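J.: Provided below for reference: sequence and predicted model.
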Amino acid sequence: MASLVDNAGNADAGNAKFELKTAALEESEMDITPMIDCTFLLLIFFIVCARINQEAQITTPQARNGVVLPTREAVVLTVMAGSAPTAMVYKGDGPVTENIIPNADPTLQEQEITRYVEATMRTEQKTAILIKAEKKVKHREVSRVIKAATQGLDLNKIHVAVQQSG
């Protein structure tokens, strides 16, 4: 039979405190430096080898529902892609040559868009803006036209339509 011995060497002492001696454990650390190095090497590899195709065609889903906006209630601007870096903007519905806003200088074009929208809303009592953009027009050009069209106006209705033709 085993007996318990206290720190003083007494066997089965009544209220003596007993200690269990355990071997000291070594603290171990895992070196993650090689793992971090591999992660950065993979990141660099994918950045260098990735091909970014800015001309890639993106297929967007068809709209399931939309709001019908009569053109008599809105100022209409038509935005078409052109050979110049800036888009061609037309006053009214459709690309009519007489209604083109010159696009040689983007700042002047934006000022003309602002003047046209303000004058049309004032004289014809329009309540919304409708921007019809050709499928090939870049988003930054549509955004630029929206910014110019809403400059100085307190509007809550701006509609953007994408024309499938072209």
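T.: Done, it's in. Residues are numbered from 1 along each chain as shown.
J.: can you pull the buried residues of stretch 105-124?
T.: Gln109, Glu110, Glu112, Ile113, Thr114, Tyr116, Val117, Thr120, Met121 (16 or more other CB atoms under 10 Å). Placement of C-beta: from N, CA and C, glycine included.
J.: Strands along this protein, start to end?
T.: Counting by DSSP state E, the chain forms strands over residues 74-80, 88-91, 100-101, 128-134, 158-163, given from the N-terminal end onward.
J.: out of those, which comes closest to Ile32?
T.: Comparison of the strands of the chain against Ile32 by CB to CB identifies strand 158-163 as nearest, at 49.6 Å.
J.: tell me how far the longest helix along the chain is from the chain's mean position?
T.: The helix spanning the most residues in the chain, taking DSSP state H as the definition, is helix 106-124. Its chain's C-alpha centre lies 28 Å from the corresponding centre of helix 106-124 when counted by CA atoms, centre = their mean, to the nearest Å.
J.: other SSEs contacting it?
T.: Judged by 3 or more CB pairs under 8 Å, 6 or more residues apart in numbering; DSSP states H and E, the packing partners of helix 106-124 are strand 74-80, strand 88-91, strand 100-101, helix 139-149.
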